[in-house]
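Trainee: Fold the following for me, if possible:
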Amino acid sequence: MPISRSVIDDRLLIARLVGERVRLPRDALFTTSLWYYRACRAAVAGGSGQLSGPFARLATEEQAIAIAAMLSLPDDVALPDPRLLVPEMVAMHQRHAQLNLMNLEAAAAARLLDARVLLSPRAAEGVLPHVLRAEGLAWKVVKIG
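Mentor: Numbers count the residues shown, from 1 in each chain. Below is the predicted model:
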């Protein structure tokens, strides 16, 4: 039986690393470079937004541990190989020129990895699910909390 793969968005990655209740499958987990960047930026920049808020709610010591974990991306969350991903992104752009770079990378990663995309509820409200559906790619909303 082949290994199942899932690409998780930035908010789910944060939830996993700060210890929020989130049910992720036992799949091989991936994220994208841009989602990883946004999660790291939120961890370091602080604030109370959707991405930075979970870090702000932690005690000082726990926050430092969570930020360090984010900046070193745990070994069980992989990134797609850019040498393979970029050509897939170009092909995806030819079919969906309306996508911004972040969504383009996510859709291309799902195609490249033959993976489903796991989205936080807010991310599922955007354009990405429509493109994933049009591409015949699996996706699912994962609740946090």
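Trainee: So what's the gap between the host helix or strand of residue 17 and the chain middle?
Mentor: Per DSSP states H and E: residue 17 is located in helix 10-18. In terms of Cα atoms, centre = their mean, to the nearest Å, the centre of helix 10-18 is set 8 Å apart from its chain centre.
Trainee: Other residues contacting it?
Mentor: The set of residues external to helix 10-18 that reach it, using Cβ atoms under 8 Å, 6 or more residues apart in numbering, is 8, 20-22, 24, 31, 35-36, 38-39, 42-43, 50-51, 54-55, 58, 62, 66, 69-70, 74, 77, 118-120, 122-123, 142, 144. To be clear about C-beta, it is placed using only N, CA and C from the backbone, and glycine gets the same treatment.
Trainee: Which members of the residues you listed occur in helices, if any?
Mentor: Secondary structure of the contacts of helix 10-18 is defined by DSSP state H; positions in helices are 35-36, 38-39, 42-43, 54-55, 62, 66, 69-70.
Trainee: in this protein, which segments are predicted with low confidence?
Mentor: Under the criterion of pLDDT under 70, the regions of the chain flagged as low confidence span 1-3.
Trainee: What segments of it are strands?
Mentor: Assigned by DSSP state E, the chain shows strands spanning 5-8, 28-30, 77-78, 116-119, 139-141.
Trainee: and the residue nearest the centre of the chain, what does it touch?
Mentor: The centroid of the chain falls nearest to residue 9 when counting by Cα atoms, centre = their mean (2.0 Å). In this structure, residue 9 makes contact with 31, 35, 106, 117-120, 123, judged by Cβ under 8 Å, 6+ apart.
Trainee: try residue 69
Mentor: Shown in contact with residue 69 (Cβ under 8 Å, 6+ apart): residue 17.
Trainee: And for residue 78?
Mentor: 28-31.
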